[in-house]
Each structure stands twice: as structure tokens, then as C-alpha cells.
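Asker: okay, structure incoming, though there's no sequence with it:
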């Protein structure tokens, strides 16, 4: 009985999560990945091979690494720092509310375990991940911390409070780090100087508790080893200055200076002072001096710092630096990552539904980071999309399997009958277009200042000048190519009106006044005048004053009245002018909406809500999608592709096999349809095609609870018939119709039990539940 229980339970888990984008699915997809066991390791030049020696050596190495040394440290108590106000400090220490804790809890990734609260409160596992293939030395491994669930919750609550005021105490040039931090960053950043910045004692105590009670264990080959504290980064006794080192993310730092020996000498002093003040040590083995252009004496200058000489192109923050902007070789790393992912999945069978899940969640996301800044050459896009196409239609092993539906059709919204993937070229344009939007919205960000200094800015600062000549050879020149379509989909929101042109800019609804009223525009005194110029504050409550070259003629009064009607809902205020995205519900730029603008696919009637039924296994949905497009490889379609085969339905043996015949009109298919129709007491004249069946499958007579089940019935009938057809086609045998009906009912019942609350768990009860109104 126990064996039967676990077999049924595993089947329910597969039905619930088999092809969906869950942790279970990804573990199954990667089930045959080579396990990275540490069978040997080199620590300080000593090679360890015994399991216990490996564990002890790693624990001792990290215990030493996280231990405080007694070196002298600089006193930074005299620094003048920005402060928060007393009211802001008090707000940080308010009692926690149920609402803010609940919001953080709901924001945590639901596919990750939230762990045991008490035991794991501040106990952290460190697991070693190899940085490269063939890792041998301990330095070849990257330590990743696995934090406890309650600590994550607590740290996020504190971070949410801190991020509301963090911009008050950091440099304006660092404001890129305010939003989008990792879980611990917001609550731990700047703790060394908390006293100087006006933070209260209770808040500092919370921060101290977060960092001073951590216990570490090394997770080696799945076995915990050691249980030690870190004394590095904070004082031995509470109350001493806090100096967080091992939690500070300080990777990929780049410094620009003149190619002079003195400059490198001064830089080396600055780095030494930084080390003394912060406790952070520069890793000179990983540092390099990179000359730009022809530089003499590069080796001597590198010796001033004690690092090696590098060269361009290189990598900075995971992106190419100094490489030819449109070189295909820049994208070789992205392609290699995609191929490595495919290699991990080669040995595991995946349905087409599972493949589409992996493409969306993994393959399609790999190039996004680089596409967000660099233009992807068309040749690269074709190669990457070919990898995705081959995986979708042929599995990880690829091969010359038929691609049943055009990639252009696949890469559109589900509502339009597609799969919701994206064409890389159009997605790249949407991602680059976001920079145009961000430049127009940004205020004093450092990156905007750099671009304005390099290229100059237009009159009101909404855009840079065109990148021409010697200045137009970089990344921004490519981004500016997206300006036209971006600005066509942006509209101004008038505040003071001093940065928006009255006649030329789109600010009055979706209209440009010069185009809506060309006759009045031709009479304008100043065609480039701002909205502020046309607003007369001296009127009773302020009003519009049209400044034209001459008085109106009688026949022009109607035009003036129409314009004033357009303007009556708009007023000048004390706010700053800003821009909004036309298509967004909240007026903000979203890549998804920008992509829709660019792709501009034709609207086509497609029963998307009856194909993409929530929680139905993805492989079943995918087959129904193929069938709705009429692209399934039935015998008639194989004949069109040049296969010389006799065409007879494998199920009834009477008619020619088409997708509409085997799924709807075949006598075997009708037998399954009759089961459902008889249960519900419905008489129905079947349409001709699968698409028409799904379009007309309304179920208006079933209750709300049964609606989800009713919508999924055609999908399960299609799947059951197709599986039986393939069994007969490839394995032979005789059709057992009674067995087929039983299989359909039991499989459908098994799925419904997982997703739908029913009063009865028996098959009879399920059938009665379906039949009831």
C-alpha cells in the first residue's frame, strides 16, 4: 500500500508541476547534470584528497579568512558625512506592522523553500561553486551563502525601510545603487558610519544583531562541516565601530587616469588609504592596468601598483568593454552560454511543453543583459534563434526535425495565437529604446551628465544632440537610432510648461497642435514658443492667450473655439514638465509594451482563452495550439512534405487522416465527445475545424466552479486521441475503444483532483460533479 501511495503521489506532483516553470521542473530538466563533487582540492599549495581532510581544510581556510587581524586601521571618525533627520531616524525604529511583514513574505520567491525559522535564524551555509572548468585550487571556487528564511524576511523588512531615506546619506553619483538591491544590501550598506549619519541606537542595534551573530558552516559535497563565527568586519565587543567587509559587494571597479607614472603612484596611495580605512584589501592578482591607445612604459606603470598589464577589449560588469561596437565576436560568450545550457538538457526527455518553458525561463533570458546596452547584429540573432527553434522542434539533440510553425508566428502574444516568445532583433530595439525614455526622465544621474558633456543636449534637455563625427562611434550612437519610434510613443505632461513647445510637442492629449490646427499654426508669432509663453497668469485664474500675427477672421473663430476646447482641461502648475509613455496604463515605459508597438502583429481571431487554460499541463496545451493552427504532422501534411504514404486514419481506418478528422469527426473521437456531452445533457452539432470547436466551446450552462474543468475538456480529448493514434502508428496493435475511454476518464480525473476542490474524491463523485449544473 505504501508503494502505491508514493506512486500516486509522484504522479500528482508531475501533473501539477511537470512542465510548468517551477523548481521541480528545473530539477527534473537538469537531473543528469554532472555532479560537481569535491574529490580533491589544493589549499595553500597542499593537495588534499581524503574526504575528511578536504572538509577540515576548507573549514580552516574560511575560518582564517573570516577572522579579524590586528593590523592598524585608519580613524575615520573625523569625516563630515550627510545626516538623516530625527523624524526619519524615528520612523526607522517604529514597531513592525503586519502589513509590511506580509508584503515582504509575499514578495519572496515561492519556488524556494523558506526554511526552518528557529534553527536557521542566523546560521549560514557556505557552498563552493567552481568559477571555471577543471577547478583545483580553493581560489578557483566562489563561496555562495545560503541564508535562513527568517533572516531573509527580517533583512528585507529592514531594507524596505532603509531604502526610503538612503538617498539622503549617500553621494548623488551613487544613486544607481538605491533601487534594485539584493536582500541584504539595503540593511547592511554604510553601517560603519551609522553614528555619523544620525541613525538611532535601536536601529544600530538591529544592524548589529544582523551581522554579529552569524554562524557559518561549509557545505562540502552536501555535508555540513564546521560551525564558526566571523570576527572580521566588526569589533569584538558591541559598541565598537562596525566595519563590514565580507558582506560588501565591491567587484569590477574601474578607475580612469592619465597614462603617467605619477598618476599611478597617486592611485596606489589612494588604494592603500582605502584599505586602511575600510578593511577591504585590493586583490592585485585580479587587477590590471589597461592602456588605451599607444601607451609607452605600461609595464613600469603597472609595477607602481603591483598588478599586471591587460589590454582592450576586456570585460567590465559582465559586458564587453573596448570591443568594436558591432562585431559579432562580442556575442560569442552569449552563444556559448546557450549551448552549455542545451548540453545540460541533452540526456533528459522533454515534451514540447517543457521545451517552451525552458526557452522562456532560461534560453531567451541569457542574451537579455547584453542586449540591454548593445545592438545585436542580425547574423547573431539568426544564430541564437536557430538554437531556440531547433531545441523547440527537435529537442536538445537538434536534428533535422520539421519546424511546424513559422518563427515569426511563434514570437507574438498568446492572445494572437502565438507562443509568446520574442524576436531578438525587435526585443533588442525595445531594450535600447528604454535608454531614450530614461534619458528624458532622468534628473541629475551621473550617466546622463556624462552623455550631456560628451554629446551636448538639445534646448530643453530631453535628448542629447545627434552623435556625429568623432563623437558618434560608441554605444550611444546605436541607441539614438531608436529615438524616432520612441518619441512617437511618448507624450509630455505639462507642469511649469517651460520645457515643452506649445505647437510642436505632443502634450495636449495625443495631438500635436500644429498638425491639428495648421491654419492657426501658420499665424503663430513664435512657432517654437513654450506652453508657458501661451499661459497668461494675469487672467482671473490663469488662462490661455493665443499669440497670433493678426486678428481672427469670422470664419476662423470656429478654429479658435475648437482649440480652446482642446486646451480647457490643461493648466500650468508649479511641477516640473515630464514625459509619459502613451501605451502604458501607468504612463511608464515597459519593454513588453514597447515590443508590442514594434512588432505590430495583425490581430487574428484565435481562441486563446480556450487553448491557454490555466494549470493544464503545458505539453497538452502545446499540442492543442499546434492543432488549432492545423500544423500537426498528420498523414495529409506528411504527403504535402513529400512523403509517399497511404493516407488512412489509424483510428477508424475509413477516412483520410487530417487533424480535423481524427480529433473531431472520427467515430473514435466522437465516442469520447459523447461521454462528456451525455453527462451534461448537451446536444451539439460539431463545427468543421479544431479552431472552430475551441472558439464555440463556451459552457455557458456550467457553474463558475466547473468552468475551468469545462474549458479543459477539449484539450484532454485531443491529447488522449493523439496519444492513441501515435501508439497505433508507431507500435501497431488493435484499437481497444473501451480501454481508451477508461484511460481518458481516469487521466482527466487525475488532473482535476490536483487543481480543483471537489466534495468527493471518488471517480463516480467526479462524474456526478461534472454532470451537475
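Answerer: Structure received. Bear in mind the structure is a predicted one, so any value in this text is a computation, not a measurement.
Asker: okay, now the unreliable bits of the stretch 51-200 of the chain?
Answerer: Per-residue confidence of the stretch 51-200 of the chain (counting by pLDDT under 70) places the weak regions at 66-81, 108-123, 147-149, 167-200.
Asker: one more time with 80, if that's ok
Answerer: For the stretch 51-200 of the chain, applying pLDDT under 80 flags the ranges 62-85, 87-94, 96, 101-126, 131-135, 145-200.
Asker: flag the shaky bits of the stretch 301-450 of the chain, pLDDT-wise.
Answerer: Per-residue confidence for the stretch 301-450 of the chain (pLDDT under 80) gives these ranges: 312, 316-319, 321-326, 343-351, 395-402, 409, 412-419, 444-446.
Asker: please enumerate the strands of it.
Answerer: 308-309, 314-316, 319-321 (DSSP state E, counting those that start in this stretch).
Asker: separation between the residue located most distally from the centre of the chain and residue 444?
Answerer: In the chain, residue 554 marks the outermost C-alpha relative to the chain mean, sitting 59.0 Å out by C-alpha atoms, centre = their mean. Shown here: residue 554 relative to residue 444, a distance of 51 Å by C-beta to C-beta, to the nearest Å. Glycine gets a C-beta too; all of them are placed from N, C-alpha and C.
Asker: ok, residue 482 next?
Answerer: As it turns out, when the distance is counted by C-beta to C-beta, residue 482 lies 24 Å from residue 444.
Asker: these two: which has the busier surroundings?
Answerer: Set side by side, residue 482 and residue 444 show more neighbours around residue 482, with 22 against 9, by other C-beta atoms under 10 Å.
Asker: number of nearby residues for the residue lying closest to that one once chain neighbours are set aside?
Answerer: Here the nearest residue to residue 482 in space, its sequence neighbours aside, is residue 433; by C-beta to C-beta, 6 or more residues apart in numbering that works out to 4.2 Å. The burial metric for residue 433, expressed as a neighbour count using other C-beta under 10 Å, is 25.
Asker: spatially central residue in the chain, please.
Answerer: Within the chain, the residue whose C-alpha comes closest to the C-alpha centroid is residue 365; the distance, by C-alpha atoms, centre = their mean, is 7.1 Å.
Asker: in the chain, which spans are strands?
Answerer: Taking DSSP state E as the criterion, the chain contains strands spanning 41-43, 46-48, 123-130, 141-146, 215-220, 223-229, 288-289, 308-309, 314-316, 319-321, 490-493, 535-536, 543-544, 578-581.
Asker: surely residue 369 and residue 317 touch.
Answerer: No: between residue 369 and residue 317 there is no contact under C-beta atoms under 8 Å: 9.4 Å.
Asker: the more surrounded of the two?
Answerer: The residue with the greater number of neighbours, taking residue 369 and residue 317 and applying other C-beta under 10 Å, is residue 369; the counts read 14 against 11.
Asker: show me where the stretch 451-600 of the chain dips below the pLDDT cut-off.
Answerer: Where the stretch 451-600 of the chain drops to pLDDT under 80, the residues are 459, 467-474, 509-511, 537-542, 546-558, 583-585, 600.
Asker: right, I mislabeled it, should have said the stretch 601-750 of the chain
Answerer: The stretch 601-750 of the chain contains residues with pLDDT under 80 at 601-605, 615, 679-684, 698-709.
Asker: which stretches of the stretch 601-750 of the chain form helices?
Answerer: Along the stretch 601-750 of the chain, the segments classed as helices by DSSP state H, counting those that start in this stretch run 608-611, 618-628, 635-640, 659-660, 667-680, 690-696, 704-731, 737-755.
Asker: for the residue lying closest to residue 274 once chain neighbours are set aside, grab the count of nearby residues.
Answerer: Nearest residue to residue 274 in three dimensions, chain neighbours excluded: residue 280, at 7.0 Å (C-beta to C-beta, 6+ apart). Residue 280: 17 surrounding residues under other C-beta under 10 Å.
Asker: and the one 5 residues further on, by the same measure?
Answerer: Residues near residue 285, counting by other C-beta under 10 Å, number 10.
Asker: quick one: it from residue 139, how far?
Answerer: As judged by C-beta to C-beta, residue 285 and residue 139 stand 9 Å apart.
Asker: and the gap between residue 584 and residue 597?
Answerer: Separation of residue 584 from residue 597 (C-beta to C-beta) stands at 11 Å.
Asker: what's the answer for residue 565, then?
Answerer: Look at residue 565 and residue 597: by C-beta to C-beta, they are 29 Å apart.
Asker: residues in contact with the closest residue to residue 478 other than its chain neighbours?
Answerer: Using C-beta to C-beta, 6+ apart and skipping residues adjacent in sequence, the residue nearest residue 478 is residue 375, 4.4 Å away. Residue 375 makes contact with 325, 326, 428, 432, 478, 481, according to C-beta atoms under 8 Å, 6 or more residues apart in numbering.
Asker: try 10 Å this time
Answerer: Under the criterion of C-beta atoms under 10 Å, 6 or more residues apart in numbering, the contact partners of residue 375 comprise 325-326, 425, 428-429, 431-432, 475, 477-479, 481-482.
Asker: residue contacts, the nearest residue to residue 423 once chain neighbours are set aside?
Answerer: What sits nearest to residue 423 in space, not counting adjacent residues and going by C-beta to C-beta, 6+ apart, is residue 411, at 4.5 Å. Applying C-beta under 10 Å, 6+ apart, we find residue 411 in contact with 364, 385, 388, 418-424, 426-427, 595, 599, 601.
Asker: next one: residue 644
Answerer: Shown in contact with residue 644 (C-beta under 10 Å, 6+ apart): residue 638.
Asker: phi first, then psi, for it.
Answerer: Recorded main-chain torsions at residue 644 are phi -90, psi 90, according to degrees, to the nearest 10.
Asker: what distance do you get for it to residue 745?
Answerer: Residue 644 sits 38 Å away from residue 745, going by C-beta to C-beta.
Asker: swap in residue 99?
Answerer: The spacing between residue 99 and residue 745, counted by C-beta to C-beta, is 47 Å.
Asker: between the two, which is the more surrounded one?
Answerer: Between residue 99 and residue 745, counting by other C-beta under 10 Å, residue 745 is the more crowded of the two (18 against 8).
Asker: got a list of what the more buried one touches?
Answerer: Taking C-beta under 10 Å, 6+ apart as the criterion, residue 745 is in contact with 672, 675, 676, 716, 720, 763, 766, 767.
Asker: which among the residues you listed gets closest to residue 543?
Answerer: Proximity of those to residue 543, judged by C-beta to C-beta, is greatest for residue 716, which lies at 65.8 Å.
Asker: what is the burial count for the closest residue to that closest one other than its chain neighbours?
Answerer: With C-beta to C-beta, 6+ apart as the criterion, residue 716 has its nearest non-adjacent residue at 4.9 Å, and that residue is residue 748. Residue 748 sits with 23 neighbouring residues when counted by other C-beta under 10 Å.
Asker: that's all I had, so thanks and see you.
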